[in-house]
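K.L.:
The following block contains a protein sequence and its predicted model.
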Amino acid sequence: MIGDSWETDIEGALGFGMDQIMFMNNGKHYIPDTIYSMRQETNSSCLELKHHIHTYFIDEIPCLLAIL
């Protein structure tokens, strides 16, 4: 799932059991503070929020190529 809404796109995909790509649009889209903190601590563009399910964070559409 690729989306720009944490509640609708990312949480929905997590509930369904699929990987997600959160389009951050250079920090303009909201993510929960707990997720933001986890991301900053690891300085990661990918978090494993559930067992074997990954959440990727991208700022620009061309970054998709590295994931796909």
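P.N.:
Yep, that arrived.

K.L.:
Run through the residues that contact Asn25.
P.N.:
Asp4, Asp59 (C-beta atoms under 8 Å, 6 or more residues apart in numbering). C-beta: built from backbone N, CA, C; applies to glycine.

K.L.:
Tell me the secondary structure of it, please.
P.N.:
At Asn25, secondary structure determined by DSSP: H, G, I helix; E, B strand; the rest coil is coil.

K.L.:
tell me the phi and psi of it?
P.N.:
phi 50, psi 50 (degrees, to the nearest 10).

K.L.:
can you tell me the helix or strand for Gly15?
P.N.:
helix 11-16 (DSSP states H and E).

K.L.:
now do Met22
P.N.:
Short version, using DSSP H and E: Met22 is in strand 20-23.

K.L.:
helices or strands next to that strand in the packing?
P.N.:
Here strand 20-23 touches strand 2-3, strand 53-58, going by 3 or more C-beta pairs under 8 Å, 6 or more residues apart in numbering; DSSP states H and E.

K.L.:
roughly how far apart are Ile24 and His51?
P.N.:
Quick fix: residue 24 is Met, not Ile. 24 Å (C-beta to C-beta, to the nearest Å).

K.L.:
who's more crowded, these two?
P.N.:
Per other C-beta atoms under 10 Å, whichever of Met24 and His51 has more neighbours is Met24, with 18 against 6.

K.L.:
residue contacts, the more buried one?
P.N.:
With the criterion set at C-beta under 8 Å, 6+ apart, Met24 makes contact with Asp4, Ile31, Phe57, Ile58, Asp59.

K.L.:
Counting neighbours, which of these comes out on top?
P.N.:
Busiest of these [other C-beta under 10 Å] is Phe57, holding 20 neighbours.

K.L.:
circling back: export the helices and strands packed on strand 20-23 to TSV and tack on distance to Met38 and mean pLDDT?
P.N.:
As requested, the helices and strands packed on strand 20-23 are exported to TSV (distance: least, C-beta to C-beta, whole Å; pLDDT from 0 to 100):
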stretch	distance to Met38	mean pLDDT
strand 2-3	19	94
strand 53-58	10	93
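
K.L.:
Would you mind giving those strands as CSV with distance to Phe16 added?
P.N.:
Listed next are the helices and strands packed on strand 20-23 as CSV, based on distance: least, C-beta to C-beta, whole Å:
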stretch, distance to Phe16
strand 2-3, 12
strand 53-58, 9
